[in-house]
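>>> Make a model of this:
(chains A, B, C and D)
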Protein chains: 2
Amino acid sequence: MITDTQNTALAQRLTHSGLRSTPQREVVYQVVLGKRDHPTAEEVFDRVKSAMPTISLATVYNCLDALVQCGLIKQVNSVREPSRYCPNLHEHAHFHDEATGEIHDVDIPADLIARLHNLLPKGYDAVSIDLSFRGSVRALHALTDQQN
Amino acid sequence: MITDTQNTALAQRLTHSGLRSTPQREVVYQVVLGKRDHPTAEEVFDRVKSAMPTISLATVYNCLDALVQCGLIKQVNSVREPSRYCPNLHEHAHFHDEATGEIHDVDIPADLIARLHNLLPKGYDAVSIDLSFRGSVRALHALTDQQN
DNA sequence: ACTTGAACTTGGAACGATTCTAAGTCTCTT
DNA sequence: AAGAGACTTAGAATCGTTCCAAGTTCAAGT
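Numbering: from 1, shown residues only, chains lettered A, B, ... in the order given. Prediction:
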């Protein structure tokens, strides 16, 4: 559900970063917020087209960049795969399920983030940390049912 | 310096993975081992050509894949940049220097790796962890000289 | 040694995600 | 209402990587 509050917040963040609020950016923002997955630019494009059929892919890229720039969404870069976009602004890791291709968010406690920063030698100044896992997810019932 | 020991090790690892040892794979392996940086496939291609001018880029990709498959080198995937290859087989993180584009290895203590695995919810089975930092490196003399 | 099939190499074509370009539109400011 | 600059659009261009078809090499069995 689209709220005025969200769109006002969007407009403020955009103008604060020297960018303009446009209908396209609003729709793209709502689409990324609307579903708790990690869509690619192409997937965002498909979802946006139902609300705004004339939008172009280049504009979707432009809007996603603008939202990343002003800190409203995050860009998740996978291995040799299209970038994905994520509305979860908490510091978190990503788990790439190799079987399904899905990405799941994994919380990171604050003290662990601090410890990661402490790994760095003197003089190294990290502006961002990327932690990602790659593997598979077993269904929970299989876990409880299994014999061993 | 190319040693027979290294090439024998290479041949063994390759055949163990059902792959063949070829002159191209030996040269590519030596090139990646020969310099402690993180070259792209294109850079490996350039370096290999002096020893083997007729090699093709497709073969370099093939060789790098083969070496990654049998565990002799690692592939480092950066954000929207060409893959890089790394002969450091210890579990380690990468620091991407945004100013120079260079990648530096950062050690990770074993207990921290265990703790990272423990972040995952029940049923999540990670086969690999990727930890990378992004930022800048200050020169050490600037650190010791500075006033504050 | 000879054959056969699979693995490998090669150059070039193809691919796919992203970025660029040029033209047109919108919107702030004056 | 005019000018400047930001934005959108469609399509072309880019670039790392993979695919393809043809030729070569290798290992194993006769």
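
>>> hey, let's count contacts and neighbours off CA atoms from now on
Noted.

>>> so what's A:E43 scoring on pLDDT?
Note for A:E43: predicted pLDDT of 96.

>>> what's the answer for A:T5, then?
As predicted, A:T5 sits at a pLDDT of 63.

>>> Name the residues of chain A found near DNA strand C, please.
Applying C-alpha under 7 Å from any atom of the strand, we find that chain A lies next to DNA strand C at A:T22, A:T40, A:A41, A:E42, A:L57, A:A58, A:Y61, A:E81, A:P82, A:S83, A:R84.

>>> May I ask which of the residues you listed comes out lowest in pLDDT?
Ranking these by pLDDT, A:E81 lands last with 89.

>>> Regarding that residue, what is its secondary structure?
Under DSSP: H, G, I helix; E, B strand; the rest coil, the three-state class of A:E81 is coil.

>>> what about it, neighbour count?
Using other C-alpha atoms under 10 Å in any protein chain shown, A:E81 has 9 other residues around it.

>>> That one and DNA strand D: what is the separation?
According to C-alpha to the nearest atom of the strand, to the nearest Å, A:E81 stands 10 Å off from DNA strand D.

>>> cool, A:S128 as well?
According to C-alpha to the nearest atom of the strand, A:S128 and DNA strand D sit 22 Å apart.

>>> for that residue, helix, strand, or coil?
Classification of A:S128 using three-state DSSP returns strand.

>>> and A:L140, how many neighbours does it have?
Under the criterion other C-alpha under 10 Å, the count of neighbours that A:L140 has is 12.

>>> thought it was touching B:G123?
Yes: in terms of C-alpha atoms under 8 Å, A:L140 counts as a neighbour of B:G123; the distance is 6.4 Å.

>>> which outside residues touch stretch A:87-105?
For stretch A:87-105, the surrounding residues in contact (C-alpha atoms under 8 Å, 6 or more residues apart in numbering or on different chains) are A:32-33, A:36-38, A:72-74, A:106-108, A:130-137.

>>> which ones among the residues you listed are found in strands?
Of the contacts of stretch A:87-105, the ones assigned to strands by DSSP state E are A:K74, A:V106, A:D107, A:D130, A:L131, A:S132, A:F133, A:R134, A:G135, A:S136, A:V137.

>>> Excluding sequence neighbours, find me the nearest residue to the fifth one.
The one in question is A:L131. Distance criterion C-alpha to C-alpha, 6 or more residues apart in numbering or on different chains; nearest residue to A:L131, sequence neighbours excluded, is B:L131 at 4.6 Å.

>>> Fine, thanks again, bye for now.
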